[in-house]
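Q: Sequence first, then the predicted structure, then my questions.
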Amino acid sequence: MVLTGSEKAFAAGADIKEMKDKEFADVYKNRFLEDWTKITRLRKPLSPPDAAVQTRGCELALIINLGVIPGGGGSQRLAHLVGKSRAMEMVLTGRTITAQEAERWGMVSRVIPEGEGEVVKEAIAMAKEIASKSQVAVQAGKEVVNAAYEMTLAEGLRFERRIFHGLFATKDQKEGMAAFAEKRKANFTHS
């Protein structure tokens, strides 16, 4: 799934006009923003791969300036991603960071050079590369990497190993390893 935007459009991740008149009882009882984490559970990979981070970045940059804190998980994910000190600075100041800082801090996988259509071109190329792999293995890979943020290292290693073992029940594992041994391109059936 390729996510794109526009220089002329701005999204904070939430509708600020909708939020401005909300009251505590309403947002608490109705679990406002609780569903924001659903994007991390999509089984299809997102390209750019850290598209969810882009939304969170907007959330962090705006939110403190609006008299509240991140409510869609931005502070929690950010602390896991960049550490407590950097997360604290970003959450408390609302400071935006450059693309190069985001790359250095591990928030994005890479920075694409500016140019007409370059981001979309690179995103589509990455999406095609991912699509050429076993869908079952790609979904499993996404699941284990996402789980790393919610488990201890020992739990994560055990989970990864179980998913790895489970892939041996797929036709794609047989095809992928046979193709490697035979020095040919794999023909995955996504089963």
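A: Received it, and whenever you're ready, just let me know what you need. Numbers count the residues shown, from 1 in each chain.
Q: C-alpha only now, for contacts and for neighbours.
A: Noted.
Q: low-scoring stretches of this structure, by residue?
A: Where the chain drops to pLDDT under 70, the residues are 1-16, 36-41, 43-65.
Q: redo that, cut-off 90
A: Counting by pLDDT under 90, the chain shows low-confidence ranges at 1-81, 90-100, 102, 106-120, 122-123, 146, 149-150.
Q: which of the residues in the helix or strand where residue 145 lies are buried?
A: Residue 145 is located in helix 135-147, with elements delineated by DSSP states H and E. Using 16 or more other C-alpha atoms under 10 Å as the test for burial, helix 135-147 gives 135-138, 140-144.
Q: following it, which helix or strand comes up?
A: helix 153-166.
Q: Report the distance from the helix or strand following that following helix to the chain centre.
A: Sequence-wise, the next helix or strand downstream of helix 153-166 (DSSP H and E) is helix 171-181. Counting by C-alpha atoms, centre = their mean, to the nearest Å, helix 171-181 is centred 28 Å from the centre of its parent chain.
Q: and helix 171-181 with helix 135-147, angle?
A: 100 degrees (axes from the mean of the first three to the mean of the last three C-alpha atoms, to 10 degrees).
Q: Quick one: work out the angle between helix 171-181 and helix 153-166.
A: Going by the same axes, to 10 degrees, helix 171-181 makes 80 degrees with helix 153-166.
Q: which parts of helix 171-181 are buried?
A: Neighbour-count burial for helix 171-181, counted by 16+ other C-alpha under 10 Å, picks out 172-173, 175-176.
Q: what comes into contact with that helix?
A: 134, 136, 167-168, 185-191 (C-alpha atoms under 8 Å, 6 or more residues apart in numbering).
Q: now those residues: which count as buried?
A: Using 16+ other C-alpha under 10 Å as the threshold, 134, 136, 167, 186, 188 are the buried ones among these.
Q: Give me the distance between the first one and residue 167.
A: It refers to residue 134. Going from residue 134 to residue 167 by C-alpha to C-alpha, to the nearest Å gives 10 Å.
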